[in-house]
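>>> Mind looking at a prediction? Sequence and model below.
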Amino acid sequence: MSRAYRQVLDTRRLEYESTYLKTFLLEFDWEVARSSLNLTAKQELLQAALTVGERGGVAVETTVEGTEEAGFYRVTWRGGRGPDLDVYLDTSTDPDSRFWIAYTLSDSREVETLLDRLASSRPALDRVWFWPSFLSALQQKGEFRGIGLDYDYRRFERAAGAEDPSTYLKVQVWGGPESRRILDFLYDDPSLGDQAVLSKVRLKYWDNPEDRSRFCLEDIKYNGKFTARGSSFDAHQFLVVSARDEYASRVRQIETDYAIRWGQTDAEPALSGDAIFLRSESGGDWIRDLDLFSEVVFSGTEPFRLWGVPSSIPGGRGRLVRAVDLHTGSKIFFEVYPDAVGLYLDEAACGNTVARFLTNVQHTFLRKVLLEDNSGNRIL
Amino acid sequence: MATESFSLVVANLFVGMLRNHRFLPSGITIGRIGYDLFRLEPSVVVTDGRVTPDAIATSARQGHALVAEWTADVSVEERKKQQVAGYAKIRSADLITYGVPSNEAQTFDVWIVVPTEGATPYAEHFQKKGYGFGLASFRLATDEQPEYELAHVCGGFSNSALSSALQQTWHLERIPRGYLPFSIDDLASHGLAENIAQQLVAFSVRGTQAFTVEELCRGMVPVWQRLDVAKRRAVAGATLRVLNSWSRRGLVASWLKRAKEIPPTWQILLPTGLDRDRFRRALRSCLTKVQRDIAAGQGELPLHEDASGDEE
């Protein structure tokens, strides 16, 4: 794969202001893609899954070409409003081809917009969702060079009827280790501390500690976008692949340990898996308006991508929601109470849905929430 | 007013007790003394017949099995009398033959949970027949009385650890609800409509264009494979009535089409992504209407409009 990518670097002139290498981690559910697109051949399937009809009202031609390395594809979107876009797609280095790595030198905003469009219109495709402690752990692989913080509560404010919602923040601080103190300062603030979430980390990373000349300076965003500059593609690639592998392992662990499976035969255990819970760090109530929370989260729209119709339990102290993940079509049962949200994953449920739910609650509703198992052990 | 299904709530309570669910007080959780679910919907051969309790839980640590039955019936009708009489015939050897490990079936008890209104008739019947089963009453929460209550009524348990958990009265603020999202004993509940709608959306996301009622039920009922034929038929029949009702008129009629009579097969007509959104919105409106009708005391219209209609 590295060889294929080097060909790209060697043969392609970089466009103005597009000198940074951008890499996106994506999740793809082959089973959902096969059934929803009614195709079986891999390349045909990719072609259909990645086809965009138009950009800015102008028709787009999508091509997916194989390369000399199996599972590595060049995807091109030509036409439409804006520049042509190229993505080099590695579908093979994850053991079951589920987590993809998409490299690009094209305009990152355009590529990101397009990938988001594909993710919202194709059930099989999803981005990955790095929760804050995962981002911090990635940053600790290298040297600290800065952070980004954000929150955006406007979705909930709008649903509550606010005419001009304005509770949002985006801050980026670049610098050496001392800039980390900004984070402590913000977290000490009674208001910002509850809201500002780690959304991006910047680090300097060397693939070989002996050779300080070969490094990458990497920005990693919570939605799995990596932006790299520096002198070593290998350093960038190593970082991306290790992030992908660690993330995939956590997601698969959620599916293995917590998806509820009912034994259908005497040979199987009657029940395996268990509920998981979202609660606030303080342990107190954190969802004041159950209807508002449920309306936004289960509306079937971005970023939660969950569809469901909440029903009230007697006394109105909780809401129950039989939800569907619009990414995979799997089912999740939610119990929404002021102090906790219980999740029961269907046996076909996707662990990435849990990461998406947690991360987006943190960015759009409350930072200080934890995902725990039934015994109170932290999951993510 | 919100309504709940007795069977669904008690089934989830029982599983939650076995899984030490954090919404429950620790004293009621019998998972902490080693019990785990052995089987839901078991069918155990006994002398002169077969019994089908709702669940069997076992504990290797206690060397004990608990045969559990919950029923929403408040009076002891003839059918119920026969069912209960069957439990009196169970022997340890029957449980072992069914598959319970012998060290977990050395001793066993039967535990029956009935609605609060049924406590007295059942207690009297048990006394008359000399049954020593543990009997508990369960009261669903209401808007006026928002706590659930599980109360010991009579009988006992041969295991002391189990006795201390079950032979008392528990007031429960909340009960885990997601283990079993569906009750086969309560097919008139709006929960059935919610489960059907959820499964239809799941089908639409996965690109399923045609499905049989059996396929829908299999996706909807977690223990479908374990249900006996009569129960499967009942669930399929109720599901069919809802599908008929929804496809003939109302909000989702444009997207659901009966494609084949035998086996009953349906098509979801979703040519574009935009229609998928409309379909989901229509299902949402449909369920909201069901909830509203129930809250207004107008019954569960969408489920009964075609009650005299198709059967599988």
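That came through fine. Numbers count the residues shown, from 1 in each chain, chains lettered A, B, ... in the order given.

>>> Could you find the closest non-adjacent residue to the residue located most distally from the centre of chain A?
In chain A, the residue that sits farthest from the middle, by C-alpha atoms, centre = their mean, is A:Asp266; the gap is 38.5 Å. Ranked by C-beta to C-beta, 6 or more residues apart in numbering or on different chains and with sequence neighbours excluded, the top spatial neighbour of A:Asp266 is B:Gly99, at 5.5 Å. Using the backbone N, CA and C atoms, a C-beta is placed for each residue, glycine as well.

>>> That neighbour is in contact with A:Glu268, isn't it?
No. Between B:Gly99 and A:Glu268 there is no contact under C-beta atoms under 8 Å: 11.7 Å.

>>> so where's chain A shaky on pLDDT?
A:1-19 (pLDDT under 70).

>>> Which segments of it make up each domain?
With domains defined by automatic domain parsing, chain A comprises A:1-257, A:259-373.

>>> The closest residue in space to A:Asn360 that isn't next to it in sequence in helix, strand or coil?
Once flanking residues are discounted, A:Asn360 sits nearest to A:Pro303: 4.6 Å by C-beta to C-beta, 6+ apart. Recorded secondary structure, A:Pro303: coil (DSSP: H, G, I helix; E, B strand; the rest coil).

>>> Please name the residues that touch A:Pro303.
Residues in contact with A:Pro303 (C-beta atoms under 8 Å, 6 or more residues apart in numbering or on different chains) are A:Arg356, A:Asn360, A:His363, A:Thr364.

>>> which among the residues you listed gets closest to A:Ile276?
Ranked by distance to A:Ile276 (C-beta to C-beta), these are led by A:Arg356 at 13.8 Å.

>>> mind checking the SS state of the residue farthest from the centre of chain A?
Quick answer, by three-state DSSP: A:Asp266 is coil.

>>> what about whatever residue of the stretch 101-250 of chain A ends up closest to chain B, neighbour count?
Nearest to chain B, among the residues of the stretch 101-250 of chain A, is A:Pro123, at 4.8 Å (C-beta to the nearest C-beta). The local packing of A:Pro123 (other C-beta atoms under 10 Å in any protein chain shown) involves 26 other residues.

>>> so what pLDDT did the nearest residue to it once chain neighbours are set aside get?
Nearest-residue entry for A:Pro123: B:Val205, 4.8 Å, with adjacent residues in sequence omitted and distances by C-beta to C-beta, 6+ apart. As predicted, B:Val205 sits at a pLDDT of 89.

>>> and B:Val205, how many neighbours?
Neighbour number of B:Val205 under other C-beta under 10 Å is 24.

>>> again with A:Tyr20
16.

>>> residue contacts, the closest residue to A:Ala323 other than its chain neighbours?
Leaving aside its chain neighbours, A:Ala323 sits nearest to A:Gly308 (3.5 Å; criterion: C-beta to C-beta, 6+ apart). Contact analysis of A:Gly308 by C-beta under 8 Å, 6+ apart lists A:Ser294, A:Phe298, A:Val321, A:Arg322, A:Ala323, A:Val324, A:Phe334, B:Gln198.

>>> quick one: which of those is nearest B:Val84?
So of the contacts of A:Gly308, ranked by how close each gets to B:Val84 (C-beta to C-beta), first place is A:Arg322, at 33.2 Å.

>>> In which helix or strand does the closest one reside?
For A:Arg322, the host element (DSSP states H and E) is strand A:319-325.

>>> Starting from that strand, tell me which strands it pairs with and how they run.
Sheet pairing for strand A:319-325, assigned by DSSP bridges, gives strand A:306-307 (antiparallel), strand A:311-312 (antiparallel), strand A:331-336 (antiparallel).

>>> In CSV, list the C-alpha atoms belonging to it.
Extracted in CSV, the C-alpha atoms of strand A:319-325 (Å, rounded to 0.1, in the frame of the first residue of the first chain):
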residue,chain,number,x,y,z
ARG,A,319,-38.7,7.4,27.9
LEU,A,320,-38.3,4.1,26.1
VAL,A,321,-37.2,4.1,22.5
ARG,A,322,-36.9,1.1,20.2
ALA,A,323,-34.4,2.7,17.9
VAL,A,324,-32.8,1.8,14.6
ASP,A,325,-29.3,2.8,13.6
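
>>> Buried ones in that strand, by neighbour count?
Residues of strand A:319-325 classed as buried by neighbour count (16 or more other C-beta atoms under 10 Å in any protein chain shown): A:Arg319, A:Leu320, A:Val321, A:Arg322, A:Ala323, A:Val324, A:Asp325.

>>> could the contacts of A:Gly308 go into CSV alongside distance to B:Ala141?
Shown next, in CSV, are these (distance: C-beta to C-beta, whole Å):
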residue, distance to B:Ala141
A:Ser294, 19
A:Phe298, 23
A:Val321, 18
A:Arg322, 19
A:Ala323, 23
A:Val324, 27
A:Phe334, 19
B:Gln198, 23
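
>>> Which parts of chain B are helices?
Using DSSP state H, the helices of chain B run over B:6-18, B:78-88, B:92-98, B:119-129, B:160-166, B:190-206, B:213-220, B:229-248, B:273-295, B:301-304.

>>> Pick out the shakiest of those helices, pLDDT-wise.
When I compare these, helix B:301-304 is least confident, with a mean of 42.

>>> What's the local residue count around the closest residue to A:Arg305 other than its chain neighbours?
Spatially, and ignoring its direct neighbours in sequence, A:Arg305 is nearest to A:Leu326 (4.5 Å; C-beta to C-beta, 6+ apart). Applying other C-beta under 10 Å, we find 25 residues neighbouring A:Leu326.

>>> My read is that A:Leu326 contacts A:Gly300, right?
Yes. Look at A:Leu326 against A:Gly300 with C-beta under 8 Å: they come within range, at 5.9 Å.

>>> Give me the common contacts of these two.
A:Leu306, A:Trp307.

>>> ok, now which ones touch the residue nearest to B:Leu180 when sequence neighbours are not counted?
Take B:Leu180 and drop its neighbours on the chain: the residue closest to it by C-beta to C-beta, 6+ apart is B:Ala11, 5.0 Å away. Going by C-beta under 8 Å, 6+ apart, B:Ala11 touches B:Leu40, B:Asp54, B:Ala55, B:Trp70, B:Tyr179, B:Leu180, B:Ser183.

>>> Next: B:Gly178.
Listed by C-beta under 8 Å, 6+ apart, the contact set of B:Gly178 reads A:Ile260, A:Ala275, A:Leu320, A:Phe333, A:Phe334, A:Glu335, A:Gly342, A:Leu343, A:Tyr344, B:Asn12.

>>> Skip the chain neighbours and tell me the closest residue to the fifth one.
Looking back up the chat, that one is A:Phe334. Using C-beta to C-beta, 6+ apart, the nearest residue to A:Phe334 is A:Val321, at 4.2 Å.

>>> my read: that neighbour touches A:Phe333, true?
Yes. Between A:Val321 and A:Phe333 there is a contact under C-beta under 8 Å: 7.2 Å.

>>> And the helices in chain A, which stretches?
Remark: helices assigned in chain A by DSSP H are A:2-11, A:30-37, A:42-50, A:108-121, A:132-139, A:154-159, A:180-188, A:192-195, A:233-258, A:290-297, A:351-364.

>>> which parts of the second one are buried?
Of the residues in helix A:30-37, those buried by neighbour count under the rule 16+ other C-beta under 10 Å are A:Val32, A:Ala33, A:Arg34, A:Ser35, A:Ser36, A:Leu37.

>>> My guess is the fifth one contacts B:Ala202. True?
When you say that, I think you mean A:Ser36. No. If you go by C-beta under 8 Å, A:Ser36 and B:Ala202 don't touch, sitting 11.7 Å apart.

>>> Let me know how buried residue 113 is, in neighbour terms.
Chain wasn't specified; assuming chain A. By other C-beta under 10 Å, neighbour count at A:Thr113 equals 14.

>>> my question was about chain B
Residues near B:Val113, counting by other C-beta under 10 Å: 27.

>>> What of the one 5 residues further on?
By the measure other C-beta under 10 Å, the count of residues near B:Gly118 is 23.

>>> Equivalent analysis for B:Glu77, please.
Neighbours of B:Glu77 (other C-beta under 10 Å): 11.
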